[in-house]
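1. sequence and predicted structure are below.
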Amino acid sequence: MSGSELQSEGMLSKEQLIHFFKRFSYLTSLPDVKKRIADDVRDHQEGDTVTTAIQGEILLEMGVDPRFGIAYLGKINTVYENDRDLIIKFYEFVAKEEMVCDEAELDPNELAAKIQIQQKIHGQQLEMLKHMRKFHPDDQSAILDMLHQQMENAKFDNTAGVLTSEQIQEIVRRRISSFTNTLVQ
């Protein structure tokens, strides 16, 4: 690829995506970039519009056509669905982008309240993961698949990232029942 050609087809590699996620996290933690985002939001731009522009700049640095790269981000769940590490990094990226937007769009009290809610959800998620560890790896996979489906249905709203003990038990019960029915037939 020559210096003027941008990647506009094919796949973005895991390495490219990880670089992209790290670069975004680094840039959006810099005071001047935070100020740029806040200034743009004060000028009546949406926070996600500004972060999308920053993502486009990173993609250009990487030699990737921004339209292609940003569209590709929407395919990560499908293309890399079996790469749990990359999916986790992707969700961390999404959370970082949301936090950057919140910092620019919310007043300090609103931001503090949202952070407190997110910390509570995070605690619930940790408890859920501890509870899941008690189950067989196949059951854990089924639970994570259901959680992923629930989050997709909720458009990745953090509040959908928690299953109750009862929901987990029901998933395992259905999986075992389905497995038993398959053996009987």
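-> Yep, that arrived.
2. so where's the chain uncertain?
-> Scanning the chain for pLDDT under 70 picks out the ranges 1-3, 156-160, 178-185.
3. how close does the most centrally placed residue in it sit to Glu98?
-> With distances taken as CA atoms, centre = their mean, the residue of the chain nearest its centroid is Tyr91 (1.9 Å). If you measure Tyr91 against Glu98 using CB to CB, to the nearest Å, the figure is 10 Å. Bear in mind the C-beta positions are built from the backbone N, C-alpha and C, glycine included.
4. please apply the same query to Asp83.
-> Taking CB to CB as the measure, Asp83 falls 22 Å from Glu98.
5. follow-up on the earlier one: following element in sequence after the helix or strand harbouring the residue nearest to the centre of the chain, please.
-> Here Tyr91 is covered by helix 84-105, with elements defined by DSSP states H and E. Read in the C-terminal direction, the helix or strand following helix 84-105 is helix 108-132, with elements assigned using DSSP H and E.
6. ok, back up a step: helices and strands around the helix holding Tyr91, which ones?
-> Helix 84-105 makes packing contacts with helix 14-27, helix 31-42, helix 47-61, helix 76-79, helix 108-132 when contacts are defined by 3 or more CB pairs under 8 Å, 6 or more residues apart in numbering; DSSP states H and E.
7. give me that answer again for 7 Å
-> The contact analysis (3 or more CB pairs under 7 Å, 6 or more residues apart in numbering; DSSP states H and E) places helix 84-105 against helix 14-27, helix 31-42, helix 47-61, helix 108-132.
8. want to throw the ones you listed into a markdown table with distance to Asp102?
-> As requested, these are exported to a markdown table (distance: least, CB to CB, whole Å):
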| stretch | distance to Asp102 |
| --- | --- |
| helix 14-27 | 15 |
| helix 31-42 | 10 |
| helix 47-61 | 8 |
| helix 108-132 | 6 |
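9. Val162: which of those is closest?
-> helix 108-132 (4.6 Å; CB to CB).
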